[in-house]
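[1] Predicted model and sequence follow; I will ask about them next.
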Amino acid sequence: MTLLSLDGVSRVYATRRGIIGRPVPVRAVDQISLSVAPGRTLGIVGESGCGKSTTGRVALGIERPSEGSVTFQGAAMPTPGTPAWRRMRGRLQLVPQDPLGAMDRRLTIATQVEEPLIIHAIGDKSDRRDRVQALLRDVGLRADLAERHPHELSGGQRQRAVLARALATDPALLVCDEPVSALDVSIQAQVINMLTDLQEARGIAMLFISHDLKVVRQVSHEVAVMYLGRIVEHGDPEAIFADPLHPYSRALVSAIPVPGPRRIERVVLTGDPPNPADRPSGCAFHPRCPVAVAACAVTTPDLRPAADGRLVACHLVPAAGGTA
Amino acid sequence: MSDETLPRAAAPPRRRAAVPVGVMMAMAWLALILAVALLADAIRPFGITAMDLRARLQPPIGFGGTSWAHALGTDELGRDVLSRLIESIRISLLIAFGATIIAAVFGTTMGFLAAHFRGWVEQVVLMLIDFQASMPFLILALSVLAFLGNSLPLFVCLMGLYGWERHARIARGLAIAANAQGYAAAVRHLGAGPLRIYLGHVLPNIASTLIVAATLSFPEVVLLESGLSFLGLGVQPPMTSLGNMVGYGREYITRAPWIMLCPSAVIVLTTLSVSILGDWLRDRLDPTLT
């Protein structure tokens, strides 16, 4: 039973270099297949510019995939802007990275949390007021903050307010795009705990996008590691964080600061992530890969099940029940 | 801010600074002007065409004038300047407010349409904006008035055409910026329809900029009306307007400057008041400035 599934989804943008340059297609997301089950969390990790956020936007239905299909609750995602698409917005919601930018600075918190209820015609006036109060209580905002404007709140309070708005229509899926990156660590922990509590209480599925591996490890039931628009490793977070198979995951995991002596050797990557408009041949990671062999520059590895059932896209990782 | 030991207020007290003196004066002046415009028929001492050839070019009280019947003096035909001024205020205000409102509403609508639909709709709107900006407005006004004749409603609509492209540009740019990221996108993702997004969120957020643009175009419309009236294309005698009075009073500027100075002073004070009020209103409408 899946709630949301992305099937071979690609998102291609055209960029132009210089004034008279020819448009170059950029595959921000390339042939991604994912699924999220009800009440579960899928974490997506990767460097900046690897297509995490684009994947989230495609999953939300805000952007249409250039190739492949997105299915939500067994039906194809409607075209953005249509009445069917608008009705569906109550079922999947975004928790953005920048809560101040996502709020109307002229309106009070209560007005903004009430807005989705008005849009989707839920309840009458007094009913909506009660719901807003309950939502603010659920996300841990004091009742007297309801009449404040966004700029009068702290960062953590704003993130809670945005979350209250996202939860107003009781969505089945939340796409959290770096929801805690802008917060300091103590507030991060509070917001993360609140998210997992709300998930348990309401049975919401989450697509949790972050570059912070510790956070992803804490909230996710499944993790996908992305590199340059593709998934390179996908599976159980404990397995991936304990024993990363793909060389890129290994470098990522080894970058997590740990107290005391290090158990995994630190792998330091050289160079920058390549330009998606000019992706290396074969495995996109091979120019930075410490263990690359000749085949890596020629053929692109497929995402195949490895020994313990997780999916890995690397020539050097033996496939389950066979040779590479 | 979130100090729990402080006694909690039910709502934060919204500090409202006292209205500055300059703004008070601007408001008072505009209220006076509006009252004069509305009550013109009642408070006008003479008819605007009532001539008194024995009392031609009488100076106002305080400049050598003696007759309280003509407090602001008379013009070359012995018509009472005060009466004509009162009637002119009514006509000019009608034209300036009407035209500014038409320009703001039409321009903002076009800007929002362009920002919402993009594609060919935007191309057409941008083409109209460029056309409007590159066409000398006097020539357009001349041809419209020459072919369609002159009437007050037509003249107001024509003035309304002036300046719409500024509102359209501002509205389009700001709406596109809002749509691409931030609050408008967030509301869209909540499932709101275009009307709610544009009227409920984008318009209040960009209103301060549009209000400033409107207060800038208000004086321009007054001056444009004066210019057209001066060329004989605007308000036609026996009707009178501020620009019309300035235009015809020009011939007597050395011998009877009050004919021209009275309406000029009203133009200056009114446009200044609108600017001051608009500036204050912009700050007042922004909840992040207290």
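    Arrived safely. Here the structure is a predicted model, which is why all the values come from computation and not from measurement.
[2] Under a three-state scheme, what state does A:Ser35 occupy?
    Following DSSP: H, G, I helix; E, B strand; the rest coil, A:Ser35 is assigned to strand.
[3] ah, wrong one, I meant B:Gln132
    B:Gln132 is classified as helix under three-state DSSP.
[4] Phi and psi next, for the residue of the stretch 151-300 of chain A found nearest chain B.
    Of all residues in the stretch 151-300 of chain A, A:His151 sits closest to chain B, at 5.2 Å by C-beta to the nearest C-beta. In this view, the C-beta of every residue, glycine as well, is placed from N, C-alpha and C. With angles defined as degrees, to the nearest 10, A:His151 sits at phi -70, psi -10.
[5] Can you give me the distance of it to A:Arg158?
    Distance of A:His151 to A:Arg158, computed by C-beta to C-beta, to the nearest Å: 9 Å.
[6] wait, A:Thr108 sits on A:Asp144?
    No - when contacts are counted by C-beta atoms under 8 Å, A:Thr108 is not listed as touching A:Asp144 (11.4 Å).
[7] Please enumerate the helices of the chain.
    Chain wasn't specified; assuming chain A. A:52-60, A:83-88, A:109-119, A:125-138, A:155-167, A:185-202, A:213-219, A:237-242, A:247-254 (DSSP state H).
[8] To clarify, I was referring to chain B.
    B:21-38, B:40-43, B:81-117, B:119-134, B:137-148, B:152-161, B:164-180, B:183-189, B:194-195, B:203-230, B:242-249, B:258-284.
[9] Can you tell me which of those is nearest to A:Arg129?
    helix B:183-189 (19.9 Å; C-beta to C-beta).
[10] So what's the gap between the closest one and the chain middle?
    Remark: helix B:183-189 is offset 33 Å from the chain centroid, using C-alpha atoms, centre = their mean, to the nearest Å.
[11] For the chain, give me the ranges with low pLDDT.
    Assuming you mean chain A. Applying pLDDT under 70 to chain A flags residues A:262-264, A:320-324.
[12] wait, I meant chain B there
    Scanning chain B for pLDDT under 70 picks out the ranges B:1-17, B:65-66, B:68-69, B:181, B:287-290.
[13] Excluding covalently adjacent residues, which one is nearest to the residue in it positioned nearest to chain A?
    Going by C-beta to the nearest C-beta, chain A is nearest to B:Gly191 of chain B, at 3.1 Å. Leaving aside its sequence neighbours, B:Gly191 sits nearest to A:Arg89 (C-beta to C-beta, 6 or more residues apart in numbering or on different chains; 3.1 Å).
[14] close enough to count as contact, the one you found and B:His189?
    Yes - proximity of A:Arg89 to B:His189 meets the contact threshold set by C-beta under 8 Å, at 6.1 Å.
[15] rewinding a little: format the helices of chain A as JSON lines; extra columns: mean neighbour count and distance to B:Ala178.
    Shown next, in JSON lines, are those (neighbours: other C-beta atoms under 10 Å in any protein chain shown; distance: least, C-beta to C-beta, whole Å):
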{"stretch": "helix A:52-60", "mean neighbour count": "24", "distance to B:Ala178": "18"}
{"stretch": "helix A:83-88", "mean neighbour count": "15", "distance to B:Ala178": "18"}
{"stretch": "helix A:109-119", "mean neighbour count": "23", "distance to B:Ala178": "15"}
{"stretch": "helix A:125-138", "mean neighbour count": "15", "distance to B:Ala178": "24"}
{"stretch": "helix A:155-167", "mean neighbour count": "24", "distance to B:Ala178": "17"}
{"stretch": "helix A:185-202", "mean neighbour count": "15", "distance to B:Ala178": "27"}
{"stretch": "helix A:213-219", "mean neighbour count": "20", "distance to B:Ala178": "30"}
{"stretch": "helix A:237-242", "mean neighbour count": "18", "distance to B:Ala178": "38"}
{"stretch": "helix A:247-254", "mean neighbour count": "22", "distance to B:Ala178": "36"}
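[16] Could I get those in a markdown table, plus columns for distance to B:Leu138?
    Below are the helices of chain A laid out as a markdown table (distance: least, C-beta to C-beta, whole Å):
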| stretch | distance to B:Leu138 |
| --- | --- |
| helix A:52-60 | 50 |
| helix A:83-88 | 47 |
| helix A:109-119 | 47 |
| helix A:125-138 | 54 |
| helix A:155-167 | 52 |
| helix A:185-202 | 61 |
| helix A:213-219 | 65 |
| helix A:237-242 | 72 |
| helix A:247-254 | 68 |
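[17] how about these, which one is nearest B:Glu251?
    Per C-beta to C-beta, nearest to B:Glu251 of those: helix A:109-119, 59.8 Å.
[18] What helices and strands are in contact with the closest one?
    Judged by 3 or more C-beta pairs under 8 Å, 6 or more residues apart in numbering or on different chains; DSSP states H and E, helix A:109-119 is in contact with helix A:125-138, helix A:155-167.
[19] Rebuild those helices as a markdown table, extending it with distance to chain B.
    As requested, the helices and strands packed on helix A:109-119 are exported to a markdown table (distance: least, C-beta to the nearest C-beta, whole Å):
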| stretch | distance to chain B |
| --- | --- |
| helix A:125-138 | 14 |
| helix A:155-167 | 7 |
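[20] want to throw those into JSON lines with distance to B:Met135?
    What follows is these, written out as JSON lines (distance: least, C-beta to C-beta, whole Å):
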{"stretch": "helix A:125-138", "distance to B:Met135": "51"}
{"stretch": "helix A:155-167", "distance to B:Met135": "47"}
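[21] Which residue is the nearest non-sequential neighbour of A:Val317?
    Of all residues not flanking A:Val317 in the chain, A:Leu245 sits nearest, at 4.9 Å (C-beta to C-beta, 6+ apart).
[22] Now chain A against chain B: closest residue?
    A:Arg89 (3.1 Å).
[23] Surely the residue of chain B closest to chain A touches A:Arg87?
    Yes - counting by C-beta under 8 Å, A:Arg87 is a contact partner of B:Gly191 at 6.7 Å.
[24] which residues do A:His151 and A:Arg158 both contact?
    A:Leu100 (C-beta atoms under 8 Å, 6 or more residues apart in numbering or on different chains).
[25] Measure how buried the closest residue to B:Leu233 other than its chain neighbours is and give me the count.
    The shortest distance from B:Leu233 to any non-neighbouring residue, by C-beta to C-beta, 6+ apart, is to B:Leu145 (5.1 Å). Neighbour count for B:Leu145, taken as other C-beta atoms under 10 Å in any protein chain shown: 20.
[26] does B:Leu145 really touch B:Gly232, like I thought?
    No - using C-beta under 8 Å, B:Leu145 is not in contact with B:Gly232; the gap is 9.8 Å.
[27] who's in contact with the residue nearest to A:Thr196 when sequence neighbours are not counted?
    Nearest non-adjacent residue to A:Thr196, counting by C-beta to C-beta, 6+ apart: A:Val219, 5.8 Å away. Residues in contact with A:Val219, defined by C-beta under 8 Å, 6+ apart, are A:Thr41, A:Gly43, A:Ile192, A:Leu195, A:Thr196, A:Met206, A:Phe208.
[28] Spatially nearest residue to the first one, not counting backbone neighbours?
    Leaving aside its sequence neighbours, A:Thr41 sits nearest to A:Met206 (C-beta to C-beta, 6+ apart; 4.3 Å).
[29] And the one you found, how far from A:Arg40?
    For A:Met206, the distance to A:Arg40 - C-beta to C-beta - is 8 Å.
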